[in-house]
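Visitor: Dropping a prediction and its sequence here:
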Amino acid sequence: MAFESLSEKLQNVFKNLRNKGRLTEADVKAALKEVKMALLEADVNFKVVKQFIKSVQERAIGQDVLNSLTPGQMVIKIVNEEMVSLMGSETTEIPLKPSNEITIILMAGEKTTCAKIAGKMKQKGRSPLLVACDVYRPAAIKQLQVNGEKQGVPVFAMGENQNPVNIAKAAVEHAARNNMNVVILDTAGRLHVDEEMMAELQNIKAALDIDETILVVDAMTGQDAVNVAKSFDETVGLDGVILTKLDGDTRGGAALSIRAVIGKPILYVGMGEKLSDLEQFYPDRMASRILGMGDVLTLIEKAEAQIDEDKAREMTRKFKKAEFTYEDYLENMSQVKNMGNIQDLIAMIPGMGSQLKNVDLSGSEAQMKRTESIILSMTPEERANPDLMNMSRKKRIAAGAGVPISEVNALVKQFDMMKKMMKQFSGQLSGKKRSKFRMPFGF
């Protein structure tokens, strides 16, 4: 889970602060010393940590803080604000030209992220074109074509024995002829910088009017990622950075350092394999996650992205009349699964991440899969009409799903209890405003 190690250490520091009724200057300095060690252990750049602690301390040892009724809470608030400032304060979008003009984006990094950015552009109503300019790595072109196909985005390629500059120029001409308005140049991305690659990027930028230059780096490499970004910026010039694999980075050094070191924003962060797992980077939300305060806004956005308005209205009607079916149950589980990893979702709920840090929730996802296989082993009639269920049907369903009949019985019992609850609550809900957000029944 992202920032797990750092978050746990910082929450322990803050817990001690909250437990003190009054704070002295020595208390604040002692707490900030622990914060400093936690940040350094998280592989945050040393100079960045030094400046961060200095900024927090200057604000936290003032009389307004020390004499307040809740000094510990005020110190935490200051840490949060300074952390947001450290990561950029404001969210930065990839700027796009009007839709009747072509925006050219030069990307250095792995193919999956290039394709996901193209997918994001498609979601915004643009017509993107991926361009295979990496002619060096074996199968790089094929990899981009596969990833482009997943996003439903065309890929322009001229083969391996071509000059990347010529490919880029031809791609822009192709885009103009075919009414495409975002050209994404996928260039040779490597973990470490070399002169040949830098010269190639400089040649592309000299030949074309590039609107945005973006580097994709692996968050789990920590300060190596920061150093690569710094070299790219000094040699080629960057407009922004995308951090991948942040979901597996328990420390968070790159995310906390990169903006302060190179002065360029983090545009997106990769939190998993799906397109929806490439998230817009919000410094305030990220700081909230790091400090264990959750991230409700992102959780709501993930829910909204998965809930179809018409289906939500129909589900509300069924809930009101207690007409919920196994088909609806399956639909709810699908929405929960599409929102992402359960452990990560729960960590976005304020206070829940720390409470469940030692709880293995992998069993919940495994159980969802088993429940899904049981429902899919039912006939369409059985899914639509739960009252048809009898012992012979249960035996057939258990055999089809490869589970003991006890699991089928447990699901049927859980489902029947849920319908009874619906009948009880449907009367209480009448006359009150119903939200489209509802508790998923998948787990």
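Guide: Done, it's in.
Visitor: For the residue nearest to residue 388 when sequence neighbours are not counted, I want the exact helix or strand it lies within.
Guide: Leaving aside its chain neighbours, residue 388 sits nearest to residue 382 (5.3 Å; criterion: CB to CB, 6 or more residues apart in numbering). All C-beta atoms are positioned from the backbone trio N, CA, C, and that covers glycine. Residue 382 belongs to helix 380-384 when elements are defined using DSSP states H and E.
Visitor: Which strands and helices lie in contact with the next helix or strand after that helix?
Guide: Counting by DSSP H and E, the next helix or strand C-terminal to helix 380-384 is helix 391-401. Packed against helix 391-401 by the contact rule (3 or more CB pairs under 8 Å, 6 or more residues apart in numbering; DSSP states H and E) you find helix 362-376, helix 405-429.
Visitor: re earlier: now for the residue nearest to residue 388: which residues touch it?
Guide: Listed by CB atoms under 8 Å, 6 or more residues apart in numbering, the contact set of residue 382 reads 326, 388, 389, 393, 397.
Visitor: wait, doesn't the first one sit right on residue 389?
Guide: No: contact status for residue 326 versus residue 389: not in contact, 9.1 Å apart, counting by CB atoms under 8 Å.
Visitor: picking that back up, so which of the contacts of residue 382 wins on neighbours?
Guide: Each of the contacts of residue 382 was scored for neighbours by other CB atoms under 10 Å, and residue 397 scores highest at 24 neighbours.
Visitor: unless I'm mixing things up, it is touching residue 383, no?
Guide: No: the criterion here is CB under 8 Å, and residue 397 misses it with residue 383 at 10.4 Å.
Visitor: burial of residue 184, as a residue count?
Guide: 27.
Visitor: What backbone torsions are found at residue 183?
Guide: Dihedral pair for residue 183: phi -110, psi 120, per degrees, to the nearest 10.
Visitor: and it, what is it in contact with?
Guide: Residue 183 neighbours (CB under 8 Å, 6+ apart): 102, 103, 104, 105, 128, 129, 131, 171, 172, 175.
Visitor: Hmm, residue 102 is touching residue 184, no?
Guide: No: applying CB under 8 Å, one finds residue 102 not in contact with residue 184, separated by 11.1 Å.
Visitor: any chance you could map the helices in the stretch 151-300 of the chain?
Guide: Here the stretch 151-300 of the chain has its helices, by DSSP state H, counting those that start in this stretch, at 164-177, 195-207, 223-235, 253-262, 283-290, 296-306.
Visitor: Now do the last one, average pLDDT.
Guide: Per-residue pLDDT values across helix 296-306 average out to 61.
Visitor: what do you get for stretch 402-418?
Guide: Here the average pLDDT along stretch 402-418 is 89.
Visitor: Next one, pLDDT for the residue nearest to residue 372 when sequence neighbours are not counted please.
Guide: In space, and not counting its chain neighbours, residue 372 is closest to residue 333: 6.0 Å by CB to CB, 6+ apart. In this model, residue 333 is scored at 75, pLDDT.
Visitor: Tell me the secondary structure at residue 333.
Guide: Secondary structure, DSSP: H, G, I helix; E, B strand; the rest coil: residue 333 is helix.
Visitor: Isn't it up against residue 373?
Guide: No: counting by CB under 8 Å, residue 333 stays clear of residue 373, with 11.1 Å between them.
Visitor: if you count what's nearby, which of these two comes out ahead?
Guide: A direct count of neighbours by other CB under 10 Å for residue 333 and residue 373 places residue 333 higher, at 19 against 15.
Visitor: helix or strand for the closest residue to residue 153 other than its chain neighbours, which one?
Guide: Closest residue to residue 153 apart from its sequence neighbours, by CB to CB, 6+ apart: residue 118 at 4.2 Å. If you go by DSSP H and E, residue 118 is part of helix 111-123.
Visitor: Please compute how far stretch 87-95 lies from its chain's middle.
Guide: With CA atoms, centre = their mean, to the nearest Å as the basis, stretch 87-95 stands 15 Å off its chain's centre.
Visitor: can you list contacts of it?
Guide: Outside stretch 87-95, the residues that touch it by CB under 8 Å, 6+ apart are 103, 105, 117, 211-212, 214, 240, 255-256, 259, 265-267, 280-284, 286-287.
Visitor: Report the buried members of these.
Guide: Those of those that meet the buried threshold are 103, 105, 117, 211-212, 214, 240, 255-256, 259, 265-267, 280-284, 286-287, by 16 or more other CB atoms under 10 Å.
Visitor: Which residue, neighbours along the chain excluded, lies closest to residue 125?
Guide: Spatial nearest neighbour of residue 125, chain neighbours left out: residue 99 (7.7 Å); criterion: CB to CB, 6+ apart.
Visitor: Determine the number of other residues adjacent to residue 114.
Guide: 32.
Visitor: Go through the helix or strand encompassing residue 58 and flag the buried ones.
Guide: Residue 58 is part of helix 46-60 when elements are defined by DSSP H and E. The neighbour-count check on helix 46-60 (16+ other CB under 10 Å) flags 48, 49, 52, 53, 55, 56, 57, 59, 60 as buried.
Visitor: Please apply the same query to stretch 17-25.
Guide: By 16+ other CB under 10 Å, the buried positions in stretch 17-25 come out as 17, 23.
Visitor: so how far is it off the chain centroid?
Guide: Worked out by CA atoms, centre = their mean, stretch 17-25 lies 35 Å from the chain centre.
Visitor: any residues touching that stretch, and which ones?
Guide: Contact partners of stretch 17-25, identified using CB under 8 Å, 6+ apart, comprise 27, 31, 61, 65, 66, 71, 72, 73, 75, 76.
Visitor: Give the ChimeraX command for selecting the buried subset of those residues.
Guide: Buried members of the contacts of stretch 17-25, defined by 16+ other CB under 10 Å, are picked up in ChimeraX with:
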select :27,31,61,65,66,71,72,75,76
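Visitor: From the contacts of stretch 17-25, pick the one nearest residue 227.
Guide: Comparing these against residue 227 with CB to CB places residue 31 closest, at 30.3 Å.
Visitor: Are we agreed that the closest one is in a helix?
Guide: Yes: the assignment for residue 31 (three-state DSSP) places it in a helix.
Visitor: Could you list the low-pLDDT ranges of the stretch 101-250 of the chain?
Guide: 189-193, 249-250 (pLDDT under 70).
Visitor: where are the low-confidence patches of the stretch 251-400 of the chain?
Guide: Applying pLDDT under 70 to the stretch 251-400 of the chain picks out residues 251, 293-322, 336-365.
Visitor: Who are the packing partners of the helix holding residue 118?
Guide: Under the contact definition 3+ CB pairs under 8 Å, 6+ apart, helix 111-123 sits against strand 103-108, strand 128-132, helix 140-151, strand 182-187, strand 212-218, strand 240-244, strand 266-270, strand 278-280.
Visitor: try 7 Å this time
Guide: Counting contacts by 3 or more CB pairs under 7 Å, 6 or more residues apart in numbering; DSSP states H and E, helix 111-123 is packed against strand 128-132, helix 140-151, strand 182-187, strand 278-280.
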